Every structure is written in C-alpha cells, then in structure tokens.
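Enquirer: sequence? don't have it. structure:
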C-alpha cells in the first residue's frame, strides 16, 4: 500500500454493481472514495419488479470478486448452472453442457442480493463513503466536478475530486454530458428490434424448484425465446425476448387471452408453472435491448466505466462480468502506475487497453442472441459444437470454443476470443462437411487445419 | 395541382441548401410552406470564411434542380470539372478524367451563391414564406410544433403545422430532440481522425485562374491530401484534410514556420499561389468530419431530411447531392400520395425508401477518402480504373464503375451502386492479375466474368 494514495480522492457516480466494486479496489490501494447513488439504499427497500434481466456470474466477474476477497460471499448467494436446458414445444428437455469440465459452470445471481453484498463490502472499507438519493444533474468533465440534487430534500450540491469514475449505467448522465460537450465524441446507441418482459415461476412447496435448478432453461423458438434462471428461494426469473412488431410480437398480444394462448402454444410446460402470467405480462414494463459504444471514454479528470462506457445486450451474460473485469484492469493499472497517478493518462491507458475488448463482447453478445433463440436446435450447429469439444480435447492449447473462451477463460481477452473463434469457425465448417457425428472426424485433416490455425 | 394541398401547411426548419429546395417542391404542389432559418439572410451579409467545404454538384443534385426548373440558373454560377488533376511533390500534374463521355463532368459551386439562388427561387413562390434569425429551441415531434427565439429581438414563438421537415443540418436541433425523447432511437455519430482547413488561392490578374480551371485539383500524400476547386471569380478554394494527431498532423504545426515548411515540402506549387497561407491557416477554424446515421427519421408529424437525417463526409461530393435527391424522392411520394397525405405514413415511406441509400453513400464517402488521398497514385488502382473503363465500353449495361454510378447515374440508387461495385471489384481484381495495361485484358475471361456478374 502506497501512502501517497491517501491524498487522492475519487468520486464514483453510481452505486450499482460496478461502482461499489471499483470503490473497493481503489480503497484497498489507499485512495479515498465517495460513491453517489441516485436511488435509495436498496438494502432498506427492495428492487423494482421486472427490470433486472437475470444475471449470470462467470469467470471474468468471479476473478474480479476473488481479487476483492468477495468470492466466498458471492458463492453463498448464487446457484451453479451446468448448461442450457433446452425445452421443445412438447415440454421435452435436453441439457447442453456449457463446457467439458466440472468446473465449467456459470452462476445464477440475483441482482438485488449481489448489489446489497457489494454495498456492504464497500461500506466496510474505512476509505469509502456511500451516499444515496443523489441525482447527478450535470458535471464538469475537465476538472472532475459533479452536480447533485438530493432526491429527498431537494438540496443541491457541487463536489470535486481528483478523479471521477462514472459507473452510472447504460443511460449514464455523465456520458450524456460527454456527448453534448466533448469535441469529436464518437457515439452509437443501437437497439434490437426486440423487447424483453420479465415473468416469474414461483417456488414449489417448501421452496422446492419446479424445474431443474442447476441449469439455464431456454425455450428457443427461432425468432424469439423464453429463458429462466433459478433463484436461491426456489423461484425462477423468466425473461421473454420477443419482437416489438410483426406477426409474433408484443404488438400482437393485446389481451390476457392472447398471452395465454401464445404461452400455451409455445411454452406449455413453463405456462403450467406461471400462475400470475397474464397479470405480470401486462403489469411489468417491456424492457429495451441496447448496445452503446462510444469513444473516448474519458475527458479531463472524468472516465466512464462499466455499462456507462459499453452497454451490451444480455445474450452472452457479460454485461456485469465485463464491468467487473473493467474494475480488475483499472486495478492492474493502479498497481503499475501508483495510487496517485496522473488520472487523465491512466484513463487514456484504461480506454486504449479495454475498448477493443468491450467492442468485441458487444458484437459477440448480439451474435449470441441468434445462437440462443435459434441455433441451439439446429443439427448443423450441434454437430459443430460437438466437433469443437472434440478438437478442444485433443488440442486444448490451440482450439477453445468461443463460448468457453468468453465464459471460462478470463486469460483470453474478448477481442482475441472473437478473432480466434472466427478463425475456428472456418475449421469447424471444413470438418463437419459430409459427416454426421464427431466420431467421424477426419483427424488427419483436423490436425493439419489445427496446426495452421492462428491462435494469436 | 391538387386543390386540397392548399389546406396543408408545412414548416421547414433550416434555410440552407435542402430546406429551400424542399420548400419549392412542396409549394409547387399547392402546399403552404414556411421556412425558418437560424442565421441572418446570407443574401444581405456573407458567408463566414473557412466553413464551406467546396461543393461539387453532380447528376443527382442537378436532376432535382432541373425538376425544380433551376438548372439553367445554377449552370450560370458553376464551373465544370472534367477530372482530377493530380499534383506530385515536384508540381507535375496529370489529369484523371471522371468518366469516358463529354457529359461526364461535375460542377464546382460556391455554397453561398447556390444558397442565395435557392432562397431567391423559394421567395419567388407565392406559397413560401422565409423567416430568418429564428433559432429553434425545441420541438414537439408528435404534433408538429416548433419553438423559436428571434436572434435579434429575443422574442419567443411557438408555431404548429400539419407537418415539419427538419432540414437543419448535421447538428440538427430537431434530431437532438429525437435522440432525447424517441424510444429506441438508433443513433451514431462517428468522426474521422482527420480535420479540415480551408485556404485560398486568389485569382490572378483580371480574374484569371492560376491553375487549370476545369479540374478538381488533388495533392494526394497517402495519409493526407490537399484539394482545390475553382470559383467563378478565378480563385480556388483549397481544403487540407489532415490528421489531428501524430507525426504529420495539425497538432504538429504550431508556428507559421511549421506551416510554411510543410507546404513547401508537400505542396510546393500550391504554396507558391497562397500569399496568405499562414494567416489563413491559423485564423480559419479546423473543421471536423462526421458521419451521422439514425433511425427512424420521423416521429409523429416531424421528419428529418438532408444532413439532419444523414450527415456524411465530403469525399464523394454527395452531401448536398444526396440532400437534393431526398427532395426529389419526397416529391415523388407527394405525386403518388396526393398533397394532403397522411404525413406520418408518408414520412415512414420516405425513410424506408431512402435510408438504405443514404447509409450506402455514407459508407462509400468514407471509403472514397482512401481513394483520393492515397490510391490515385497507386499503379494497381490506376490499372483497375483503366480496365473498368474498358469493361464499361464493351458492356455498358453490365459494368459501370463505382464513381460513374454514384456521380453520373442517378437512375442507379446508391445502395445498388455500392453492391454492384463491390461485385465488380472482384472482377477487376481477377482481370488485372498478371497484366500491366487494359490492352492486355483476357477478353474471353472478362466476357465470362461479366456474364455472371450480378447487376441487380
């Protein structure tokens, strides 16, 4: 721990998942941190319904939590999922494992419980102050000033620090200021033609799970899908990803009868377990799915982090995980640069190092929607998956399936994962030609292709 | 002329190049139009220096002006350019013709003169009112309301119409309201790492041209370039496109001596003709080069048009031309739908029909920068160009060079031009292999390739 860090004070806008974790890393290096959150302290209230999208914690996020000493705590509030449980329209199911090793599982997590755990951990740090009900109304990016209005008292405050991290989410107020005031700010927000709706499968008697608890359930229906993730209380949080417009769309479901008929036709086994389906369907908001890319992430003493810098769609479960990985990279830079760094320089390094990776996961997340809603029932896709696992077994250093790289191999950066998996896909297409099973792989050809494969 | 159009009143935000032309088309169909412009009437003042980027009028823009009955007028204030005059560092020049036919020329135009001519023509229409000094401070997209502040008196006004066209340019205030308030609004602004600087080559004695007057002059230097377009008064407007940062960049030119040395090294023949080089270099602003894409273009009674809907970089000279083509398409729709249409429906049709094309020209404009600054001196590129002309001569219906399609063939939409030219490029690469001149084309192979070429 370097003493000079004590002189540094960093303000963090946003007390969601990324803000508190970033605060912990900074505080551990002796930096004084204040976290400003717009909402009330959720540990005293609760999480509004229908707005979470199920979270899945994977190796990148876990690696960051582990460095923060929070891995054991988080394990207590999560449930392992070994694979995708694919449900057909007759209610028949089939488990598609995520990986080949026992350790290759992902963890279902409640956003509320996770957020509360992170706030507790941040509050336990001597150097961290948490302030709630603080709405950011503007900022001066250059000199690290934030303007807040207290949501309860209406009192206004102006606070300055040595540096500001904006962890204020996909609709970041700080990023809006960048868009309005930073010259030549590159910005893109791109919505899917799909919305999402959260629904619940309640726990059975005595908190029993009414579906397999150690799986992520998918009802893939080509142009749309329903998914379900287990909660520790025995319930499942379900999310319908569905087009806004068209024949099968939110627009076409206007009455409770429409909704019931749609679910009975497409997801009969799930519908059986949803007593409040129609009420929830019309009460819960329809969420939007957006990808936000921007550049630079920083201006003067202010830097975006997490969703504020790179909001992505949830189909690779990497929104939170990439945000936690941001914190890890930031901590690496502080380790290298000292804890009273020249912040603008450090922020520029952070963005340079991180952006190719967050761009790559943004694109892979969009691509994975097609995999989840359609390809998981496609024989050609399943054959490629099978061949991929066989290649990985034989050449573990040269061939790692895309899903495995993204989810289980934090040592492989996202952009490398994307490049390698595109190259690998050519090999898979080549090898699956004319065969029906991984048993029939032409290994002579496979070995030759693998030897030539670019693994950089 | 349909009488019911008389009951319709359309407000146009923006009295630049697109606003007045759109107003003329609407007025000719009996629609009452008011045009609101933020700036003072430029016919009474002048155009600020250093902010024009040279304009080149090409067939798409001319076609629209012709339908508006303005072609003869515009011809009086433009100069034909037959090709690119490429200048090397020794001052040697070579003309690269734009096309193979005498009619395949483009026209240099002064933004100020053109704008004044369009304002005059609009003012001459009985149905059009022009209001200047009106700053748009907001709008209600749904019901077609605009809020203005008079720049002189400070008076505020609120005006409503049956429909609003926002022709308020690349930094459209109306589009900003869409970004802030339209759900799921897709938006991207993307800056080049290059800025531009306008400079002048004054006329010689008695208004003589000191460079060839019927050409667009280029000093291509791989990663940057200088261009010059003739003005009717004998002067040339020059534009330096140059990186913001790096070894050769705006950042590296900090003193008059730096600028002089750079121009003497890279553009000696141009520098000889620029008596006010260093003053202009430091007095004129450094402009930014941005591409803006968004979707939808419309909400309720309000629709974007021209740069407001699709700002593009200037390297294919299609900013104004695509905006004028927008006006033509809008007029086609009014012809088909009647002059008191359901405006939201008409705007949706306009966007659906137009957006694939404006996306395509946006991308081609970026691609053309590389061609202009680098490839025009590349032997491989020049060979392909030569072969392209030869193919066009033999198969005029099947092969049309990209530049020709974009510039001289308004019957080929931009997106078709892009698709066809990508397919054509494969043919060119195939045919130029192993030969040094278009005289050596393997015509048997060429004919076979051309017969298979997708021209849809």
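Expert: Received the coordinates, thanks. Computed from a predicted structure; not experimentally measured.
Enquirer: for the residue nearest to residue A:207 when sequence neighbours are not counted, what are its contacts?
Expert: Beyond its immediate neighbours in the sequence, the residue positioned closest to residue A:207 (Cβ to Cβ, 6 or more residues apart in numbering or on different chains) is residue A:234, lying 3.8 Å away. Every residue, glycine included, has its C-beta placed from N, CA and C. Residues in contact with residue A:234 (Cβ atoms under 8 Å, 6 or more residues apart in numbering or on different chains) are A:202, A:203, A:204, A:207, A:208, A:209, A:210, A:213.
Enquirer: and the gap between residue A:234 and chain B?
Expert: Noted for residue A:234: a distance of 35 Å to chain B, by Cβ to the nearest Cβ, to the nearest Å.
Enquirer: can you check the pLDDT for that residue?
Expert: At residue A:234, the model reports a pLDDT of 94.
Enquirer: are we agreed that residue A:217 is in a strand?
Expert: Yes - judged by DSSP: H, G, I helix; E, B strand; the rest coil, residue A:217 forms part of a strand.
Enquirer: ok, then the element right after the helix or strand residue A:348 falls within?
Expert: Using DSSP states H and E, the secondary-structure element containing residue A:348 is helix A:343-373. Along the chain past helix A:343-373, the next helix or strand (assigned with DSSP H and E) turns out to be helix A:379-394.
Enquirer: what residues sit buried inside that following helix?
Expert: Buried positions in helix A:379-394, judged by neighbour count with 16 or more other Cβ atoms under 10 Å in any protein chain shown: A:381, A:383, A:384, A:385, A:386, A:387, A:388, A:389, A:390, A:391, A:392.
Enquirer: chain center to stretch A:211-221, what's the gap?
Expert: Here the centre of stretch A:211-221 is set off from its chain's centre by 18 Å, with Cα atoms, centre = their mean, to the nearest Å.
Enquirer: try stretch A:409-420
Expert: The answer for stretch A:409-420 is 16 Å, by Cα atoms, centre = their mean.
Enquirer: residue A:377 reaches residue A:220, doesn't it?
Expert: Yes - contact between residue A:377 and residue A:220 holds when scored by Cβ atoms under 8 Å: they sit 5.6 Å apart.
Enquirer: what do these two both touch?
Expert: Overlap of the contact sets of residue A:377 and residue A:220 (by Cβ under 8 Å, 6+ apart) consists of residue A:86.
Enquirer: and those two? which has more neighbours close in?
Expert: Residue environment comparison for residue A:377 versus residue A:220 gives the larger neighbour count to residue A:220, 21 against 16, counting by other Cβ atoms under 10 Å in any protein chain shown.
Enquirer: you'd agree the more buried one is up against residue A:369?
Expert: No - judged on Cβ under 8 Å, residue A:220 makes no contact with residue A:369 at a distance of 10.6 Å.
Enquirer: would you mind listing what in chain A touches chain B?
Expert: Residues of chain A lying near chain B by Cβ under 8 Å from any Cβ of the partner chain: A:183, A:184, A:185, A:186, A:187, A:188, A:189, A:190, A:191, A:244, A:288, A:290.
Enquirer: pull the number of nearby residues for the fourth one.
Expert: Right, residue A:186. Should you count by other Cβ under 10 Å, residue A:186 turns out to have 16 residues around it.
Enquirer: repeat that for the last one.
Expert: By the criterion of other Cβ under 10 Å, residue A:290 has 17 neighbours.
Enquirer: part of a strand, is it?
Expert: Yes - with three-state DSSP as the criterion, residue A:290 is part of a strand.
Enquirer: report the contact partners of the residue in chain A positioned nearest to chain B.
Expert: Using Cβ to the nearest Cβ, the point where chain A gets nearest to chain B is residue A:188, with a distance of 3.7 Å. Taking Cβ under 8 Å, 6+ apart as the contact definition, residue A:188 lies against A:291, A:292, A:293, A:294, B:187, B:188, B:189, B:190.
Enquirer: again, but for residue A:195
Expert: By Cβ under 8 Å, 6+ apart, the residues touching residue A:195 are A:241, A:242, A:243, A:244, A:250, A:286, A:287, A:288, A:289.
Enquirer: name the SS class of it, please.
Expert: Under three-state DSSP, the three-state class of residue A:195 is strand.
Enquirer: any idea what it is bridged to?
Expert: Beta-bridge pairing of residue A:195, defined through DSSP bridges, involves residue A:242, residue A:288.
Enquirer: which one is residue A:26 nearest to, not counting chain neighbours?
Expert: residue A:33 (5.0 Å).
Enquirer: and for whatever helix or strand the one you found lives in, what are the contacting residues?
Expert: In this assignment (DSSP H and E), residue A:33 forms part of strand A:32-36. Residues from elsewhere that reach strand A:32-36, judged by Cβ under 8 Å, 6+ apart: A:6, A:8-15, A:19-20, A:23, A:26-27, A:122, A:125, A:127-131, A:134, A:136, A:146, A:148, A:159, A:161.
Enquirer: what are the pairing partners of that strand, and which direction each?
Expert: If you go by DSSP bridges, strand A:32-36 pairs up with strand A:9-13 (parallel), strand A:128-131 (parallel).
Enquirer: I'd guessed residue A:310 sits against residue A:322; true?
Expert: Yes - because the distance of 6.9 Å satisfies Cβ under 8 Å, residue A:310 is recorded as touching residue A:322.
Enquirer: overlap in contacts of these two?
Expert: Both residue A:310 and residue A:322 are contacted by A:358, A:361, under the criterion Cβ under 8 Å, 6+ apart.
Enquirer: check the burial of the residue lying closest to residue A:83 once chain neighbours are set aside by counting its neighbours.
Expert: Nearest non-adjacent residue to residue A:83, counting by Cβ to Cβ, 6+ apart: residue A:97, 4.0 Å away. Close neighbours of residue A:97, defined as other Cβ under 10 Å, add up to 14.
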